[in-house]
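# let's see this in three dimensions:
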Amino acid sequence: MLRFVTGVTFIVGFFSASAHAADSRAIFGAHPGYVFDVQNEKNKRDIEMVLLERPADPPPPKNVVFDAKLTKEFQEQYKYRFGQTEAEQVINTGRDEEYSYYNQLSVNIQDYRRYQRQFGEYMARRLTEYHVDKWAKDDPTIRPVYEMKDRLSNLNVKIKRGYNLKWKYSLAGPYMEAKLENPHDIEAKVQAQMSGLISAPDEWIYSCAYPLTKRLTVKGLYRQNDGLYQLVLTRRLTSKMSTSLTGSTDTSRSGPSVQQSLVLVGFTWTD
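This is a model prediction of the structure:
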């Protein structure tokens with residue numbers, strides 16, 4: 001019995017010494033991730049640092065004067081007055097007092113400058129009208145006046161399924177335009193150019209365009225009072241480059257167009 005007690009005492013003493021020796025060494029697991037003080041852990045608040053991604057570049061500033069809709073409208077009206085293709089526009093803007101065509105019909109530079117001045121005046125009137133309309137649309141007190149003007153200036157008539165007739169009257173032009181929307185992707189327009197708000201049309205312009213393929217478009221145009229017939233074939237090469245082939249004949253001495261027949265080949269780069 002004495003031996004057994006002595007043995008137990010020895011074993012207890014051995015493990016007590018071992019435990020004391022272990023306390024003097026580094027505690028196993030004493031590194032980040034292990035918790036040894038639960039009470040402090042409950043009151044501890046960890047704040048994580050989140051690395052944000054680089055913000056996207058801000059969008060380019062919007063043009064508050066000329067937006068996409070107004071720019072397109074000015075471009076279409078410029079084509080009606082000075083040429084359907086860039087090649088034709090270059091010939092028209094290059095006129096001078098010394099230039100004459102092969103049929104000895106000289107260009108009246110005074111009349112052409114008057115057309116250019118009238119187009120500049122139209123742009124100023126249309127720009128003012130456009131921004132006044134935007135202001136009136138957002139102002140509750142003026143909005144009823146704008147809505148009445150819009151109803152008088154625009155008309156939308158559904159003829160039958162897939163066909164829709166749109167008519168608008170531009171006070172700034174002044175001009176009237178009718179467009180027939182159809183399911184065949186044919187662009188059919190009739191425009192009446194006027195010299196006053198209440199006046200007979202000075203020029204009737206009929207145009208029709210059709211996309212033969214995704215890149216190739218054909219367009220025909222007839223100016224009634226000017227006596228001008230045009231056929232334009234346009235092919236888009238890239239998003240910025242295109243070529244055009246224009247056939248034109250003028251059957252009347254009146255109007256801004258010169259009485260002649262011509263064929264123009266053009267190359268256009270837009271950026």
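
# ranges for the helices of the protein?
With helices called from DSSP state H, the chain shows them at 2-24, 38-43, 68-82, 86-93, 109-138, 143-153.

# of those helices, which is nearest Asp185?
For Asp185, the closest of the helices of the chain is helix 68-82, at 18.0 Å, according to Cβ to Cβ. To be clear about C-beta, it is placed using only N, CA and C from the backbone, and glycine gets the same treatment.

# name the residues of the closest one that are buried.
Leu70, Phe74, Gln77, Lys79, Tyr80, Arg81, Phe82 (16 or more other Cβ atoms under 10 Å).

# which regions of the stretch 101-250 of the chain sit below the pLDDT cut-off?
Scanning the stretch 101-250 of the chain with the threshold set as pLDDT under 70 gives 101-109.

# what are the ranges of the strands in it?
Secondary structure of the stretch 101-250 of the chain (DSSP state E, counting those that start in this stretch): strands located at 154-160, 163-170, 175-181, 187-194, 201-211, 216-223, 228-236, 241-250.

# which stretch among those comes nearest Phe267?
strand 241-250 (5.4 Å).

# compute the inter-axis angle for that closest one and strand 228-236.
Interaxial angle of strand 241-250 relative to strand 228-236 (axes from the mean of the first three to the mean of the last three Cα atoms, to 10 degrees): 170 degrees.

# which other residues reach strand 241-250?
84-88, 226-237, 257-270 (Cβ atoms under 8 Å, 6 or more residues apart in numbering).

# can you give me the buried ones in it?
Buried residues in strand 241-250, defined by neighbour count with 16+ other Cβ under 10 Å: Ser242, Ser244, Leu245, Thr246, Ser248, Asp250.

# distance of the first one from Gly196?
Plainly put, Ser242 is 37 Å away from Gly196 if you go by Cβ to Cβ, to the nearest Å.

# any chance of the helices of the chain in a markdown table with distance to Asn164 as columns?
Converted to a markdown table, these look like this (distance: least, Cβ to Cβ, whole Å):
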| stretch | distance to Asn164 |
| --- | --- |
| helix 2-24 | 91 |
| helix 38-43 | 72 |
| helix 68-82 | 19 |
| helix 86-93 | 31 |
| helix 109-138 | 23 |
| helix 143-153 | 17 |
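
# most packed of those?
helix 86-93 (a mean of 17; mean count of other Cβ atoms under 10 Å).
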